[in-house]
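Asks: Sequence and predicted model, in that order:
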Amino acid sequence: MNWQKISDQTVIWLLDKGVDIATIVIVTLLAKYIVFRITVSLIRKTVVPTVSVEAEQRREETLIRIARLAINVVALGVSGMLILDTIGVQIGPFLAAAGVAGVAVGFGGQYFIRDVIAGIFLIGEDQYRIGDYVRIANVNGVVEDITLRMTTLRDLDGTVHHIPNGEIQLVSNYSKVFSRVNLDIGVAYDSDLDKVIEVINRVGKELAEDPEWKEDILEAPRFIRVQQ
């Protein structure tokens with residue numbers, strides 16, 4: 001085996017194809033960075049402001065994470081095909097085979113497609129965001145992650161639940177825009193009800209006017225009804 005010849009051919013190949021491959025990689029990384037920055041700018045300009053700056057930031061964070069994933073997938077696919085074409089691999093048969101395989105996979109991947117389509121609507125309709133406290137699929141928890149395929153919740157026990165978006169039929173969001181707490185207060189049976197109501201409303205008003213709490217309280221706590 002002529003190692004010198006192999007070495008020379010390798011050097012020639014690297015000089016010929018290596019520069020092209022490096023150019024593709026550099027251009028792809030640059031394009032990905034530019035597209036991502038433009039996308040982030042558009043997201044921050046189009047996100048509708050809410051009563052809470054924190055809620056707006058969570059909305060932006062969710063959309064940016066989804067955009068980053070989508071841009072990375074597209075960039076990887078395009079650069080991969082360009083590199084294969086550069087080194088002389090015919091991508092036509094691969095695309096044809098992928099089309100045939102896509103039909104077969106389509107039947108088995110119908111749940112995946114269902115999850116992705118549901119994820120697009122969930123994110124587009126802003127039903128919940130990362131950090132929201134929600135109830136989904138009979139699970140209560142804080143939204144830790146949202147992708148096009150699934151939503152990740154962490155419940156009060158610390159258990160992480162991964163829920164495919166296609167299985168989400170009902171979403172209850174306890175923290176969007178505002179949240180409310182119904183607190184049961186026990187009193188003696190012989191208590192003066194009018195006095196109890198007066199004390200509850202007075203304490204609630206004082207709490208709403210307290211400098212430490214007033215920024216977080218939209219409405220003063222008050223008496224609603226007698227439970228039993």
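Replies: Now that the structure is in, tell me what you want to look at. The structure presented is a predicted model; accordingly, all values stated were derived computationally and were not measured.

Asks: Buried ones in stretch 219-228, by neighbour count?
Replies: Within stretch 219-228, the residues that qualify as buried are Pro221, counting by 16 or more other CB atoms under 10 Å. C-beta: built from backbone N, CA, C; applies to glycine.

Asks: Oops, could you answer that again for stretch 69-78 instead?
Replies: Ile71, Ala75.

Asks: Just the C-alphas of it, formatted as CSV.
Replies: Output in CSV follows, covering the C-alpha atoms of stretch 69-78 (Å, rounded to 0.1, in the frame of the first residue of the first chain):
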residue,chain,number,x,y,z
LEU,A,69,-34.9,24.8,18.4
ALA,A,70,-36.6,25.3,15.1
ILE,A,71,-33.7,27.4,13.7
ASN,A,72,-31.2,24.8,14.8
VAL,A,73,-33.1,21.9,13.2
VAL,A,74,-33.4,23.8,9.9
ALA,A,75,-29.8,24.9,9.9
LEU,A,76,-28.6,21.4,10.6
GLY,A,77,-30.7,19.9,7.8
VAL,A,78,-29.7,22.4,5.2
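
Asks: tell me the mean pLDDT for it?
Replies: Mean pLDDT, computed over stretch 69-78, is 85.

Asks: where's that stretch relative to the chain centroid, distance-wise?
Replies: Centroid separation between stretch 69-78 and its chain, computed with CA atoms, centre = their mean, to the nearest Å, is 17 Å.

Asks: Check stretch 148-166 too.
Replies: On CA atoms, centre = their mean, the centre of stretch 148-166 falls 11 Å from the chain's centre.

Asks: From one end of that stretch to the other, what's the distance?
Replies: Stretch 148-166 stretches 10 Å from its first residue to its last (CA to CA, to the nearest Å).

Asks: Next secondary structure after the lowest-mean-pLDDT helix or strand in the chain?
Replies: Least confident helix or strand of the chain, by mean pLDDT, DSSP states H and E, is helix 91-108 with a mean of 59. Using DSSP states H and E, the helix or strand that follows helix 91-108 in sequence is helix 110-124.

Asks: What residues sit buried inside the lengthiest helix in the chain?
Replies: Among all segments of the chain classified by DSSP state H, the helix with the greatest residue count is helix 53-86. Buried residues in helix 53-86, counted by 16+ other CB under 10 Å: 55-56, 58-60, 62-63, 66-67, 71, 75, 79, 82-83, 86.

Asks: quick one: pLDDT of Ile123?
Replies: 77.

Asks: ok, it - contacts?
Replies: Thr62, Leu63, Ile66, Ile146, Leu148 (CB atoms under 8 Å, 6 or more residues apart in numbering).

Asks: Could you chop this structure up by domain?
Replies: 3-108, 180-228 (automatic domain parsing).

Asks: what sits opposite the residue most central in space within the chain in the beta ladder?
Replies: In the chain, the C-alpha nearest the mean C-alpha coordinate belongs to Ile146, at 2.9 Å (CA atoms, centre = their mean). Ile146 has these beta-bridge partners by DSSP bridges: Thr151.

Asks: measure it to Thr152 for me?
Replies: 8 Å (CB to CB, to the nearest Å).

Asks: got it, and Asp126?
Replies: Distance from Asp126 to Thr152, by CB to CB: 18 Å.

Asks: Where does pLDDT dip in this protein?
Replies: 1-16, 47-56, 58, 91-109, 228 (pLDDT under 70).

Asks: Try it again at 50.
Replies: 51 (pLDDT under 50).
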